[in-house]
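**Q** sequence first, predicted coordinates after that:
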Amino acid sequence: MLTIDKLNFSYGDMQVLWNIDLQVNEGEIVTVVGANGAGKSTTLKNISRLVKQTSGSITFQGEELKGLESHQVVERGLVQVPEGRKIFPEMTVLENLRMGSFIKSARPDRETNVERVFSMFPRLKEREKQLGGTMSGGEQQMLAIGRGLMANPKLLLLDEPSLGLSPLFVKIIFEIIQEINKQGVTILLVEQNVFQSLKIANRAYVLETGRVVLSGSGSELLSNDHVKKAFLGM
């Protein structure tokens, strides 16, 4: 579904991604883990065209993304839920969700998708008229994911969905990610919570200082000595 081949990216004169190779197959949960500053979020931004690569190729369902803008990749079913949630704080829960279906292809399914999100997140249904900015961090993360689902994603990019959440909400968010995948949405997950993300991943990549240093199944990387030492404190 998604193939990244020798992706390089620089902020000005500072190169931050080096020859990234990454693949996501349809139906998978693929996780990218690494420390702060490893290049995880920058990789996602290149995929969703928020920034443009220095060299290398990014192909989604056989189409090279290089010449496309962000709204065009969303139209194709590639949707990112950003780090830090980025909801509209002065809009209600329902208004936030409807903004997620702003693209033309998603508008006919707007009301059906609202009900789908509310069935997946009953807490959002209870708060549909509440302003997004008045909710807890976990509830806002639910809203951000729900807004992403409103665009009918084929591939959902999740950037640090558990960041800053309580242990209870972390557990809920990872259960929701698995449920979304079971409903037919392929997922590329960027996470600092290495244990939880590798536990649910079909395959995973480890980034260090802008380079892929390890790849394999989630279970393989969980038992890898380097991963245990560097990320799990074992």
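**A** Received the coordinates, thanks.
**Q** quick one: contacts of stretch 226-234?
**A** Contact partners of stretch 226-234, identified using Cβ atoms under 8 Å, 6 or more residues apart in numbering, comprise 33, 35, 194-195, 198, 206, 213-214, 221. Where C-beta positions appear, they are placed from N, C-alpha and C, glycine not excepted.
**Q** show the buried residues in those.
**A** Neighbour counting over the contacts of stretch 226-234 (16 or more other Cβ atoms under 10 Å) leaves 33, 194, 198, 206, 214, 221 as the buried ones.
**Q** so the third one sits right up against residue 221, yeah?
**A** So that's residue 198. Yes. If you go by Cβ atoms under 8 Å, residue 198 and residue 221 touch, sitting 5.4 Å apart.
**Q** overlap in contacts of those two?
**A** 33, 204, 227.
**Q** could you pull out the helices for this protein?
**A** Taking DSSP state H as the criterion, the chain carries its helices at 40-47, 70-75, 93-100, 110-120, 122-126, 137-149, 167-182, 194-200, 218-222, 225-231.
**Q** just the CA coordinates of the second one, formatted as CSV?
**A** Coordinates of the C-alpha atoms in helix 70-75 are reproduced here as CSV (Å, rounded to 0.1, in the frame of the first residue of the first chain):
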residue,chain,number,x,y,z
SER,A,70,-1.5,17.6,1.4
HIS,A,71,-5.2,17.9,0.5
GLN,A,72,-4.6,15.7,-2.6
VAL,A,73,-3.2,12.8,-0.6
VAL,A,74,-6.1,13.1,1.9
GLU,A,75,-8.5,12.8,-1.1
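**Q** and it, average pLDDT?
**A** Helix 70-75 comes out with an average pLDDT of 94.
**Q** in it, what's buried?
**A** Neighbour counts over helix 70-75 (16+ other Cβ under 10 Å) mark 73-75 as buried.
**Q** off-centre distance for it?
**A** 15 Å (Cα atoms, centre = their mean, to the nearest Å).
**Q** what's it in contact with?
**A** 47-50, 60, 65, 103-105, 151.
**Q** number of residues surrounding residue 87?
**A** By the measure other Cβ atoms under 10 Å, the count of residues near residue 87 is 24.
**Q** the closest residue to it other than its chain neighbours: how many residues sit nearby?
**A** When the adjacent residues along the chain are set aside, residue 87 lies closest to residue 132, with 4.4 Å between them (Cβ to Cβ, 6 or more residues apart in numbering). The number of residues packed around residue 132, counting by other Cβ under 10 Å, is 24.
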